[in-house]
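Asks: predicted model follows, preceded by the sequence.
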Amino acid sequence: MVTVLDKTIFSLYAKDILENPKVNKLSEYLHHKNVTRLEHSLNVAATSVKVARKYNLKVDERSIVRGALLHDFFLYDLVNERIENHLVRHPYIAYENAKAEFMLNDIEKDIILKHMWPITNRLPKYKESLIVCLVDTYCAFKEKLNNL
Ligand SMILES: [Fe+2]
Ligand SMILES: [Fe+2]
């Protein structure tokens, strides 16, 4: 669940992302059962910050938030996709879409491109990317289980 604190962090670090019309189109796609792709991205960003704070990890919070919000920035419906192709390709598609709209730093690029490790066999380079990668999997399971 996204809290008031999360919303404050989002507007501090990622106002431009959340006001972007293409990013807002993510709310039109179901991602996991009844959760939209935008809701999933907000969940991953908020949970990644919580995990980093809980374990007192020294991280670049701004990059975590921005990378997590953009990690699934692809605008197509999953029902029409072959899942094996999608799992491998979508980080690159999200990266291209994100790069076209925003200036990305190296950590944000790594978060987007490596978030499907170990499926994509590209090991996250930064602790921020590893956190988002693990939290993404956790959120995906949670979103699916909550809707069973
Ligand atoms: Fe993804
Ligand atoms: Fe995801």
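Replies: Arrived safely. Ligands and ions are numbered 1, 2, ... in the order given.
Asks: which element follows the worst-scoring helix or strand of the chain on mean pLDDT toward the C-terminus?
Replies: Least confident helix or strand, the chain: strand 30-32 with a mean of 85, by mean pLDDT, DSSP states H and E. Sequence-wise, the next helix or strand downstream of strand 30-32 (DSSP states H and E) is strand 35-36.
Asks: and that following strand, how far from the chain's centre?
Replies: On the basis of Cα atoms, centre = their mean, to the nearest Å, strand 35-36 is displaced by 13 Å from the centre of the chain it belongs to.
Asks: heads up, I number from 11, so please use that
Replies: That works, and once the first residue is 11, the last one we named lands at strand 45-46.
Asks: helix or strand right after it?
Replies: helix 47-64.
Asks: and the helices in this structure, which stretches?
Replies: 14-28, 31-34, 47-64, 71-80, 93-111, 116-124, 137-156 (DSSP state H).
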